[in-house]
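Asks: I need the structure of the sequence given here:
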Amino acid sequence: MPATIPTLREGHVSIRPVRVRDARALERELVQNRSWLRQWEATSPHAPLSFDARASIRSLQANARSGQGLPFIIEYDGELAGQLNVSGISYGSLSSATIGYWVAERFAGKNATPISVALATDYCFYQLGLHRMEICIRPENAPSLRVVEKLGFRYEGLRRRYIHINGEWRDHFCFALVTEELDTGVLRRWLDRDVPTDAATIPQADRDAAANPLPIARRR
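Replies: The predicted structure follows:
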């Protein structure tokens, strides 16, 4: 079923539905933050590296109309700061979704990302009735690892060569939350400083494994 895309706010930060007229501003931010974002950018193994913001927005909106996604713009004091996308929404016996995001470099350190992730997660849990939310992060992406640590997402494991990023299949650490882990919302728990300190802890064995790329078998 199609999900309503709300506008949600906390302090300086808000998330709102992406619009086609955001295309020019998004393209400008992506160009200006190219060196900051490129190493984390999802790519296709079967297509050249290119980006059409207008086409991307329309694709996200179509996905939302089918009930499978929630595409948001992140704003800080009303200024476009990045994007957050809830994807792979599934209802019924699974009732889960995945969160991905990026923010412009000048907004790093302002808590725009953890607040946005918390707002989106709380909406999915308490308005859409989802049961599980997942975030997968490159082992090298220290700022994103800090986000799940702040919010108390629980570490679930290493996924080898999981997502095509910046031209290669990359390992990812997987983190998740289920509703039973929360006495209150994700945002409220963080603001109240009641987040478990060790939920996002990554075992050294997984860190070591991620530091050694999975060997690629040679085809005969």
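
Asks: CA only for contacts and neighbour counts going forward, please
Replies: Fine.

Asks: following the helix ranked longest in the chain, which helix or strand shows up next?
Replies: Counting by DSSP state H, the longest helix found in the chain is helix 112-126. Per DSSP states H and E, the first helix or strand lying C-terminal to helix 112-126 is strand 132-137.

Asks: Which neighbouring elements make contact with the helix or strand just after that following strand?
Replies: For strand 132-137, the following helix or strand on the C-terminal side (DSSP H and E) is helix 142-151. Under the contact definition 3 or more C-alpha pairs under 8 Å, 6 or more residues apart in numbering; DSSP states H and E, helix 142-151 sits against helix 112-126, helix 186-191.

Asks: and among those helices, the most buried is which?
Replies: Most buried of these by mean neighbour count (mean count of other C-alpha atoms under 10 Å) is helix 112-126; its value is a mean of 22.

Asks: tell me which element the nearest residue to residue 85 once chain neighbours are set aside falls in.
Replies: The shortest distance from residue 85 to any non-neighbouring residue, by C-alpha to C-alpha, 6 or more residues apart in numbering, is to residue 71 (4.5 Å). Under the criterion of DSSP H and E, residue 71 resides in strand 70-76.

Asks: relative orientation of that strand and helix 112-126 in degrees?
Replies: Following axes from the mean of the first three to the mean of the last three C-alpha atoms, to 10 degrees, one obtains 140 degrees for the angle between strand 70-76 and helix 112-126.

Asks: burial of residue 198, as a residue count?
Replies: Neighbourhood size, residue 198 [other C-alpha atoms under 10 Å]: 12.

Asks: Put the alpha carbons of the helix or strand bottoming out on mean pLDDT in the chain into CSV.
Replies: Lowest by mean pLDDT, DSSP states H and E among the helices and strands of the chain is helix 34-37, with a mean of 76. In CSV, the C-alpha atoms belonging to helix 34-37 read as follows (Å, rounded to 0.1, in the frame of the first residue of the first chain):
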residue,chain,number,x,y,z
ARG,A,34,31.7,15.1,-5.0
SER,A,35,35.0,14.2,-3.2
TRP,A,36,33.1,13.9,0.2
LEU,A,37,30.4,11.6,-1.1
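
Asks: Contacts for that helix, please.
Replies: Contacts to helix 34-37, defined as C-alpha atoms under 8 Å, 6 or more residues apart in numbering, come from residues 30, 102, 104-105.

Asks: quick one: the following helix or strand past it to strand 70-76, angle?
Replies: Once helix 34-37 ends, the next helix or strand along the chain (criterion: DSSP H and E) is helix 53-65. Angle of helix 53-65 versus strand 70-76, following the same axes, to 10 degrees, is 120 degrees.

Asks: 49 is where my numbering starts, stick with that
Replies: Okay, residue one is now 49; in that scheme the one you just asked about reads as helix 101-113.

Asks: Mind exporting the C-alpha coordinates of helix 101-113 to CSV?
Replies: Taking Å, rounded to 0.1, in the frame of the first residue of the first chain, the C-alpha atoms of helix 101-113 are listed here in CSV:
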residue,chain,number,x,y,z
ALA,A,101,18.6,14.0,-10.4
ARG,A,102,15.3,14.5,-12.0
ALA,A,103,15.1,10.9,-13.2
SER,A,104,16.2,9.7,-9.8
ILE,A,105,13.5,11.7,-8.0
ARG,A,106,10.8,10.4,-10.3
SER,A,107,12.0,6.8,-9.7
LEU,A,108,11.9,7.4,-5.9
GLN,A,109,8.5,8.9,-6.1
ALA,A,110,7.2,5.9,-8.2
ASN,A,111,8.7,3.6,-5.6
ALA,A,112,6.8,5.5,-2.9
ARG,A,113,3.5,5.3,-4.8
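
Asks: Before I go, just wanted to say thanks for your time.
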